[in-house]
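Asks: pasting a predicted model and its sequence here:
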Amino acid sequence: MPHLLDVEDPSFSLTIDHRRIVCVRVHSGLTPAILDRFWSAFDAAIAESRRVWGHGKVMVDRRGAPILTPDIVARVRQDMAIHYAPDDRLAMVVDSTPLKAQVRQNYELAHMDAFLSRDAALAWLEKN
């Protein structure tokens, strides 16, 4: 049964799984308007995860999503500083090893890592 905070948007889906990990799937390219919708939904979901864990746990699956433009990367970095707390954990799932390195370089959160597998990302979140 879907959680009350689950969101299905044409550009992304956001769910809270049974462990209270926020799971995001990106379906399309991102624009400022899409990011505004995303962060609005994200804030309620991360609050639920923080309530259960003491810190947020988020898995973002970007496999198959278009590459972000430099302007959108800058916007996402700026928004992450607003919406993520220092103790939150973020696991990003991407398509390739070069993208994994790029994510690690571009998003410098204290508790973040990039993965090629959704299962590996979720296992890391469960341990951290």
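Replies: That came through, no problem.
Asks: residue ranges for the helices of the protein, please.
Replies: 32-53, 70-83, 97-106, 118-127 (DSSP state H).
Asks: quick one: the helix or strand of the chain with the lowest mean pLDDT to helix 70-83, angle?
Replies: Within the chain, no helix or strand scores below helix 97-106, which has a mean of 86 by mean pLDDT, DSSP states H and E. Put simply, helix 97-106 runs at 50 degrees to helix 70-83, going by axes from the mean of the first three to the mean of the last three Cα atoms, to 10 degrees.
Asks: buried residues in helix 97-106?
Replies: For helix 97-106, a neighbour-count test (16 or more other Cβ atoms under 10 Å) marks Leu99, Lys100, Gln102, Val103 as buried. Backbone N, C-alpha and C define where each C-beta goes, glycine included.
Asks: so for stretch 9-23, first residue to last residue, what's the gap.
Replies: 14 Å (Cα to Cα, to the nearest Å).
Asks: just stretch 102-110 next, same as before
Replies: Termini of stretch 102-110 sit 16 Å apart (Cα to Cα).
Asks: now what about that stretch, what contacts it?
Replies: 73, 76-77, 80, 84, 86-88, 90, 92, 94, 112-114 (Cβ atoms under 8 Å, 6 or more residues apart in numbering).
Asks: low pLDDT regions in this structure?
Replies: 1-4 (pLDDT under 70).
Asks: which residue is the nearest non-sequential neighbour of the residue nearest the centre of the chain?
Replies: In the chain, the centroid-proximal residue (Cα atoms, centre = their mean) is Val60; its distance is 3.5 Å. Leaving aside its chain neighbours, Val60 sits nearest to Val24 (4.5 Å; criterion: Cβ to Cβ, 6 or more residues apart in numbering).
Asks: restricted to strands, list the contacts of stretch 102-110.
Replies: Leu90, Met92, Met112, Asp113, Ala114 (DSSP state E).
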